[in-house]
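Coordinates for the following, if possible.
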Amino acid sequence: MRSGLKLARLFGINIYIDWSWIFIFLLVTWNLAAGVFPQIHPEWSLGLNIAIGLAASLLFFGSVLAHELAHSLVAKASGLPVRRITLFIFGGVSNIEREPPSPLTEFLISIVVPLTSLILGALFIVLGGASLMSVGTSLGNPTQALRNLDPLSTLLIWLGPINILLGIFNLIPGFPLDGGRVLRSILWAATNNLRTATRWATLVGQIVAWLFIIAGIAMAFGVRIPFFGTGIISGLWLAFIGWFLNNAASQSYQQVVVEDMLEGVPVSRLMRPNAPTVDPNIPVSGLVDQFIMGTDERAFPVVVENRLVGLVCLEDVRKVPRTAWDETQVGQIMTPADKLDIVNPREDANDALNKLVRRDIRQMPVVQNGQLVGMLRRRDIMRWLQLQSETSS
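Numbers count the residues shown, from 1 in each chain. Now for the predicted structure:
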C-alpha cells in the first residue's frame, strides 16, 4: 500500500491517507449527517447535521490513527522500524518492517491497539455521561436523554461506544487482526516456532474470515445476525471485510514463510556475480544495440575500473528521443551511484528483499568497498524461493 497522500510526520513516522479512505470517510459522514443525527435531533438544521457528521468522522478516524500510533510506538520502543502508517478503507495499518523478535514483544505490540480503543471509548463515554448528568436528564428514557444533549455531548456519546466496538472487533482472533496476532504470540510461546504459530493463527483467521463472508451473505438475504444486524449494504460490507481478512491472512503467512526461508542466507548466495556492465561514455544507441537488445536485462550497472558510478535502465532510455541516441552518452542519463539503493554481499537476503519491495525496484547493485561485485535481482530471489519450496515439498 504505497499510494496515497502524505498527511503528516509524527514521532518519526510518516502518516499517509490512501485514496480508498476518502470513500469511507464520505460514507461515514453521510450516514451520520443523513441518518444517525437527524433521528436523535430532528430539530437540527441540515448544516448542523453535516458539521457534526464531519466532526464525528474526523474524530473517529483520529481515534483510529491514535491506536495505530500506539501500535507503532510500542514497536519502535521494541527496536522494530516503522516506516509509515496508512489510513485506508478498512481503518489503518502500521508498516512494521520486521516480525517481532519474541512472543512477548508481539503480544505487547498487538494488545496495545484494542486497549487504546477501549480506553478512548471509556473516556468519551465518561465525558458524554457527565454532560447527561449536568442537564439532569433521566436515563429511564434514553431517546429523550439523547435529544436533550447539545452537539458536543452528542458527538462524545457517539464516539464512546464506536471506539469500544472497534476495540472489541480488534480482539477477534482473526489473524492478521490484532486479536489474531495476540493468538499467534500465545501459540508462538507454546510452540517456540514462529512459522508454526503463524500457520495455526492463519487457519483461525481464515475461518473467522469465512464466517464473516457467510454471515454477510446471509444478512444481504434478510437474515438478522446478532451484533451485526441485517440488510444488503451491511451484509455486503461484512462479506467484503471477510474477503479482505482472508487474503491478508494468506499474505501474512506467505511473508513469514519467505522470511523463514531467507533467514541466514547472504546476498552473495543469490546475487548475479558477473552482471554485464557498461561504460558511461558509450552512446545510448550502443547501449540499446549491444546490451538491451542482446540480453534479457533491463538495467545495467555503469562502472569505471570496476567502481560503480551509476545505473542505467530501460526507463532512462525511453526518456531520450530516438534521434538523440547517437549524441547522448550513458553517463548523461544514468542514475548516479550516490542516489542508488545498494546492498552488501554479506547482508541478509531478507533485508535486501525488503529494500527491493519497499523501493518498488527490481534489482540492486551489490557493492563491497566501493567495488561492484554483482547484481541482486528480485526475480533471482523468487526463483531461489521457488526452488527451495519445491525441494522441501
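
hey, let's count contacts and neighbours off CA atoms from now on
Fine.

Rank the helices and strands of the chain by mean pLDDT and give me the bottom one.
helix 142-147 (a mean of 65; mean pLDDT, DSSP states H and E).

need the contact list for the spatially most central residue of the chain.
Centroid-nearest residue in the chain: V93, 4.5 Å away (criterion: Cα atoms, centre = their mean). Residues in contact with V93 (Cα atoms under 8 Å, 6 or more residues apart in numbering) are 68, 85-87.

Spell out which strands sit alongside the helix or strand hosting it in the sheet and which way each one runs.
V93 is part of strand 91-96, with elements assigned from DSSP states H and E. Its sheet considered, strand 91-96 pairs with strand 82-88 (antiparallel) by DSSP bridges.

Give me the contacts around the partner strand.
Here strand 82-88 has contacts from 1, 13-21, 65, 68-69, 72, 75-76, 92-97, using Cα under 8 Å, 6+ apart.

CA atoms only: put it into CSV for me.
Backbone C-alpha positions of strand 82-88 (Å, rounded to 0.1, in the frame of the first residue of the first chain) are rendered in CSV as follows:
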residue,chain,number,x,y,z
VAL,A,82,8.2,1.6,11.5
ARG,A,83,8.2,3.4,8.2
ARG,A,84,4.6,4.6,7.8
ILE,A,85,1.0,4.5,9.0
THR,A,86,-1.7,4.4,6.3
LEU,A,87,-5.4,5.1,6.8
PHE,A,88,-7.4,3.2,4.2
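
could you give me the average pLDDT of that strand?
For strand 82-88, the mean pLDDT works out to 88.

With stretch 17-34 instead?
Stretch 17-34 comes out at a mean pLDDT of 89.

for stretch 340-351, same thing?
The model assigns stretch 340-351 a mean pLDDT of 88.

List the buried residues for it?
342-345, 348-351 (16 or more other Cα atoms under 10 Å).

hang on, the earlier thing: selecting buried members of the contacts of strand 82-88 in PyMOL, what would you type?
In PyMOL, a selection of the buried entries from the contacts of strand 82-88 looks like this (16+ other Cα under 10 Å):
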select buried, resi 13+14+15+16+17+18+21+65+68+69+72+75+76+92+93+94+95+96+97
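
Tell me how this protein divides into domains.
Domains of the chain are assigned by automatic domain parsing as 5-171, 267-392.

Tell me how far the last one lies from the chain's centre.
Yep, that's domain 267-392 we're talking about. 28 Å (Cα atoms, centre = their mean, to the nearest Å).
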